[in-house]
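sequence first, predicted coordinates after that:
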Amino acid sequence: MSFEPRSVTAFRYAAARFDAATAVAEFDFELIGEGEPLRFTESITFTTGPAAPVLSAEDAERLQRVLALLGAVLGLSYFKAAAPPRVELDVAGLTAEAVEYLRQVLRHGLAEFAYRAGLPSLLDPDIVAADLAPALPIRDAEGTPFVPIGGGKDSVVSVESLRAVGLEPVQFAVNPNAIITRVAEASELPLIAARRRLDPALLDLNARGALNGHVPVTAMNTLIAVAQSLLLGLGPVVMSNESSASDPTLEWDGESVNHQWSKSLEAERLLSAVLEPQAGLRGASFSLLRPFSELRIARGFAATTRYDAAIVSCNRAFRLAGATPTWCGECDKCRFVFLALAPHLEPERLLGIIGHDLFADEAQLPGFRALLGLGDHKPFECVGEEAESSVAVTLVSRMPRWADSPVIRALLAEAPELAAGDAALEEHILGESEALAVAAVYERARRALV
C-alpha cells in the first residue's frame, strides 16, 4: 500500500531508553496523522566490557542527557519521511538549549533534502517540548582522545598528529566496514565500534512513497561518539572536519544549502555549546583539523606512508552493498581526493594509492569542471571549495608529469588564468582559518603534521 506524506500532521519523539546491562540504547518515534500512528524504534549498541568504568551518578546522568539529545537528532531520519509541520518532543531530559539545537540542525542539516524535494517550508516546523530539564553542572572532558575515523586521509592525519605529540588516541566508528577496519589496523591503535540499527519499517516506508534524502549524519555520529566515550571513561571526541566543510554548495530561497553542514564550523560550535547545559560537558567534541583546507590536510597526509594501501575515500565503495573496498576512479570524491593529493605526492605514489590516473582520462573532464565551479555548482558531495580545486589545478600545472595530461590541458585551455595562479588565493587556501579554542596539547597536535 502506498504512503502519502501529506497525510502526516506531526512527528513525535516518544522515548529514549538505555539498558546498562546490554549497553543498548533505544529510541521511539511516531508519525501521527490519519488512523494509528506509524511507530519506529531505532537502536544503538555501544561497546562496553569488564574494563569499562562504573559511571558515577553524575556521569550516568550526563550519559542519559547525551542520549536524549542523540535521539532528537536521530529522529530526523524518520521526520523526513513526511516532513510534517509539527515536531513533538515527549522525552525527559532535554534543555531549552537542546530544543534550539535541534531546530538549527533540522533547518541547516536538512537544507539539501528540502532543496531536492522543493519544499522550503519543511525547514521551519513548529517544535514543541513537553517538559524542559535544567542545565547540569559542568566538568571538562578530559582523558584519552577518542577519534572517529572514516577510512580516508583526514582522520588518518588526526590520528598521526595526536601520536606525534605523545598521545595514544582510541579510534571509533559507527558500523565500521572493511575499509575502516583496514585503516584502523594500519594505525596499530585500538578501534571501538558502535552499531546503529535503523528501524526496517523506515526502509519499507521509503519504498512506499516516503520522502527521502540527505540527513546530518556527522551530527548523529558525533553524538554517538560522545556517548560511547562517556561509557568507556575516555576523553574528548576529536573530529577531523576541515575548514572547507563550511563552504555552502549553493544558495536557494534565501537559504545556504551545504551538503557538509554538519561538518561545518557552525555545526561544531552549536554542538560544543549545547553539550555544556545539556550534558554538563565542556570541550567534549571539537575538530582537530578545523583551521585547514583539504589541500593543506593532503599535505599532512603526505608525511606518512603507513596508510597508502589502506585508505579509500570513494563514495561507491561506502554506499553500494557488497562493493569492492577500493577506489572506483569515477565518482566526485575520487576525483577531488586525486586532485587534492596530486600537488603533494609523487605521481607513482598517488597512482599506487588510487589505482587510476584520473588526469589521463578525458571522460573525467566534466567532473573536474564541476569541482572548479565551471558548471552550475560544485557537486553535492564531501568535496572542497571551488577555490581550493582551482589552486590545486594551478599547483599540478607546474608539475611536469601532470602539466601535459589531457584533463589539466583542457582545464587550462578553458580557464587560462589558472596557469598563472593567484598568489594571495594560494596563501589563503594553504593558510589557516578560524577554529574553536582547544587545550594546548591539541593545539600542538594541530600543527604536528599539517
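Arrived safely. This structure is a prediction, so every number in the text was calculated from the model and none was measured.

give the contact list for the closest residue to G109 other than its chain neighbours.
Nearest residue to G109 in three dimensions, chain neighbours excluded: P216, at 3.0 Å (Cβ to Cβ, 6 or more residues apart in numbering). For glycine as for every other residue, the C-beta is placed from the backbone atoms N, C-alpha and C. By Cβ atoms under 8 Å, 6 or more residues apart in numbering, P216 lies in contact with V73, L76, V105, H108, G109, L110, W261, S262, A267.

quick one: which helix or strand includes the first one?
In this structure, V73 is located in helix 57-74 according to DSSP states H and E.

only alpha carbons, please: show that helix as PDB.
Output in PDB follows, covering the C-alpha atoms of helix 57-74 (Å, rounded to 0.1, in the frame of the first residue of the first chain):
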ATOM      1  CA  ALA A  57      25.800   9.100  39.400                       C
ATOM      2  CA  GLU A  58      26.800  12.400  37.800                       C
ATOM      3  CA  ASP A  59      28.200  10.800  34.700                       C
ATOM      4  CA  ALA A  60      25.300   8.400  34.400                       C
ATOM      5  CA  GLU A  61      23.000  11.400  34.300                       C
ATOM      6  CA  ARG A  62      25.300  13.000  31.700                       C
ATOM      7  CA  LEU A  63      25.000   9.900  29.600                       C
ATOM      8  CA  GLN A  64      21.200   9.900  29.800                       C
ATOM      9  CA  ARG A  65      21.200  13.600  28.700                       C
ATOM     10  CA  VAL A  66      23.500  12.900  25.700                       C
ATOM     11  CA  LEU A  67      21.300  10.000  24.700                       C
ATOM     12  CA  ALA A  68      18.200  12.200  24.900                       C
ATOM     13  CA  LEU A  69      19.800  14.700  22.600                       C
ATOM     14  CA  LEU A  70      21.100  12.000  20.300                       C
ATOM     15  CA  GLY A  71      17.600  10.600  19.900                       C
ATOM     16  CA  ALA A  72      16.300  14.000  18.900                       C
ATOM     17  CA  VAL A  73      18.900  14.200  16.100                       C
ATOM     18  CA  LEU A  74      18.500  10.500  15.000                       C
END
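
strands of the protein, residue ranges please.
For the chain, the strands defined by DSSP state E cover 8-19, 24-33, 38-45, 86-89, 126-129, 139-140, 146-148, 170-174, 191-197, 237-239, 250-252, 255-257, 281-282, 285-287.

which residues touch the closest residue to V407 other than its chain neighbours?
Leaving aside its sequence neighbours, V407 sits nearest to F359 (Cβ to Cβ, 6+ apart; 4.5 Å). Each residue near F359 by Cβ under 8 Å, 6+ apart is listed here: F338, A342, V396, W402, S405, P406, V407, I408.

distance to R65, pLDDT and neighbour count for these - can I get that in TSV?
Formatted as TSV, these follow (distance: Cβ to Cβ, whole Å; pLDDT from 0 to 100; neighbours: other Cβ atoms under 10 Å):
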residue	distance to R65	pLDDT	neighbour count
F338	43	96	26
A342	45	96	24
V396	48	96	24
W402	52	92	21
S405	54	95	21
P406	56	96	15
V407	51	96	25
I408	52	96	23
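
looking at the residues you listed, which is nearest Q64?
Using Cβ to Cβ, F338 comes nearest to Q64 of the contacts of F359, at 44.9 Å.

so how far is A360 from that closest one?
Applying Cβ to Cβ, to the nearest Å, the value for F338 to A360 is 11 Å.

just checking, P53 touches G233?
Yes: checked against Cβ atoms under 8 Å, the pair P53 and G233 is within contact range at 4.0 Å.

hey, which of the strands of the chain is tucked in deepest?
Highest mean neighbour count of the strands of the chain: strand 237-239, a mean of 27 (counted as mean count of other Cβ atoms under 10 Å).

what residues of stretch 401-418 count as buried?
For stretch 401-418, the neighbour count (16 or more other Cβ atoms under 10 Å) marks W402, S405, V407, I408, R409, A410, L411, L412, A415, L418 as buried.

again but with stretch 383-402, I slipped
Using 16+ other Cβ under 10 Å as the test for burial, stretch 383-402 gives 383-397, 402.

which residues does stretch 303-314 contact?
By Cβ under 8 Å, 6+ apart, stretch 303-314 touches 151-153, 156, 160, 179, 182-183, 185-187, 301, 318, 325-329, 331, 333-334, 337, 349, 352-353, 449.

in helices only, show me those residues.
Of the contacts of stretch 303-314, the ones assigned to helices by DSSP state H are 153, 156, 160, 179, 182-183, 185-187, 301, 318, 333-334, 337, 349, 352-353.

now these: which count as buried?
Buried subset of the ones in helices among the contacts of stretch 303-314 (neighbour count, 16+ other Cβ under 10 Å): 153, 156, 160, 179, 182-183, 186-187, 301, 318, 333-334, 337, 353.

so what's L339 up against?
With Cβ under 8 Å, 6+ apart, L339 has these contacts: L358, F368, L371, S389, A392, V393, V396.

likewise for R349?
By Cβ under 8 Å, 6+ apart, the contact set of R349 is T305, D308.

can you do 10 Å?
A302, T305, D308, L341 (Cβ atoms under 10 Å, 6 or more residues apart in numbering).

what of F380?
F380 makes contacts with E112, Y115, R116, H214, T249, L250, V257, N258, H259, Q260, D332, as judged by Cβ under 10 Å, 6+ apart.

make a markdown table out of these and add pLDDT and distance to S313.
Formatted as a markdown table, the contacts of F380 follow (pLDDT from 0 to 100; distance: Cβ to Cβ, whole Å):
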| residue | pLDDT | distance to S313 |
| --- | --- | --- |
| E112 | 93 | 20 |
| Y115 | 92 | 24 |
| R116 | 91 | 23 |
| H214 | 92 | 18 |
| T249 | 81 | 18 |
| L250 | 84 | 23 |
| V257 | 88 | 22 |
| N258 | 88 | 19 |
| H259 | 88 | 15 |
| Q260 | 89 | 14 |
| D332 | 91 | 11 |
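
quick one: the residue nearest to I32 when sequence neighbours are not counted from Y101, how far?
Leaving aside its sequence neighbours, I32 sits nearest to A10 (Cβ to Cβ, 6+ apart; 4.3 Å). Distance of A10 to Y101, given as Cβ to Cβ: 20 Å.

tell me, what residue is most central in the chain?
In the chain, the residue lying closest to the centroid (Cα atoms, centre = their mean) is T218, at 3.3 Å.

my read is that that residue contacts C382, right?
Yes: here T218 reaches C382: they are 9.4 Å apart, a contact under Cβ atoms under 10 Å.
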